[in-house]
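In: Below are the sequence and a predicted model for it; my questions follow.
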Amino acid sequence: MKNTAIVIGVLFLLTVTASGVMVYAPIEKISQKVKSEGYLPYTTDEAVSLAYERCGTCHDVDKVLLYCSRCGPPFIVTIHFMKKYIELANLDGGRLEPLTDAEAVAISQVWNGLIGNWEGDWRVQDMRKLLGSDQALIDLLETPVADRPIELSLADKAAPGSYKEQTQ
Ligand code: HEC
């Protein structure tokens, strides 16, 4: 009798857990989609996970962590280039998910915050030229850091393995 009760109890718990997973997983997916389309803002933690995930698919994330103000243009421009690389890879038969505007804006803020933002060392018109018609990133470029919530919240942090730029 006791054993039957335990078995029923275990089965009950398993059922509850399984249905929880089935309901929760799609909600999680929908919420990711809503955020990638910019309808809801990313939290800082979500943006950081997104940055590590999306920027570690073609090359090691070390390439990002070791990037620096002497290496090339600010992240906002680099990330615009990476969008292009994704498009090129897909034209070549790749199956990478394109970076949406909201993702690119969130990821730019993450690396600016964790590694460094040297937009101030560059002429605005040069960066705008490099950004082409990427309006989402042009809008970000025109947004002061004080109004970039993700970047601001990471300003005191540094990514492990990077040499945080002291440019501000
Ligand atoms: C489509 C694949 C792809 C993805 C995804 C990708 N990259 Fe790249 N990345 C490249 C290629 C190709 C290069 C240039 C060749 C190289 O250096 O390996 C590069 C180079 C770089 C460099 C070095 C540039 C330089 O001038 O030294 C940085 C920094 C970088 N990527 C950052 C990022 C960031 C940040 C992300 C996330 C948004 C990202 N990458 C996502 C393909 C990609």
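Out: In hand now; what should we look at?

In: And stretch 39-55, what's buried?
Out: For stretch 39-55, burial by neighbour count (16 or more other Cβ atoms under 10 Å) applies to 42, 44, 46, 47, 48, 50, 51, 52, 54, 55. Where you see a C-beta, it was placed from the backbone N, CA and C, and this is true even at glycine.

In: For the chain, which helix or strand comes out least confident on mean pLDDT?
Out: Least confident element among the helices and strands of the chain, by mean pLDDT, DSSP states H and E: helix 2-36 (a mean of 83).

In: ok, the buried residues of stretch 39-55 vs the ligand, which is closest?
Out: residue 55 (2.8 Å; Cβ to the nearest ligand atom).

In: Tell me how far the closest residue to the closest one other than its chain neighbours lies from residue 108.
Out: Residue nearest to residue 55 in three dimensions, not counting chain neighbours: residue 64, with 5.1 Å by Cβ to Cβ, 6 or more residues apart in numbering. From residue 64 across to residue 108, the span is 12 Å (Cβ to Cβ, to the nearest Å).

In: out of these two, which sits in the busier spot?
Out: A count of neighbours by other Cβ atoms under 10 Å puts residue 108 above the other of residue 64 and residue 108, at 28 against 24.

In: Isn't that one up against residue 140?
Out: Yes. Counting by Cβ atoms under 8 Å, residue 108 does reach residue 140; the two are 6.1 Å apart.

In: Quick check: neighbours shared by the two?
Out: residue 76 (Cβ atoms under 8 Å, 6 or more residues apart in numbering).

In: before we move on, the earlier item: restrict the buried residues of stretch 39-55 to those near the ligand?
Out: Among the buried residues of stretch 39-55, the ones lying near the ligand by Cβ under 6 Å from any ligand atom are 54, 55.

In: Restricted to helices, list the buried residues of stretch 39-55.
Out: Counting by DSSP state H, the buried residues of stretch 39-55 place 44, 46, 47, 48, 50, 51, 52, 54 in helices.

In: Take these and lay them out in a markdown table including pLDDT.
Out: Formatted as a markdown table, these follow (pLDDT from 0 to 100):
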| residue | pLDDT |
| --- | --- |
| 44 | 97 |
| 46 | 97 |
| 47 | 97 |
| 48 | 97 |
| 50 | 97 |
| 51 | 98 |
| 52 | 97 |
| 54 | 97 |
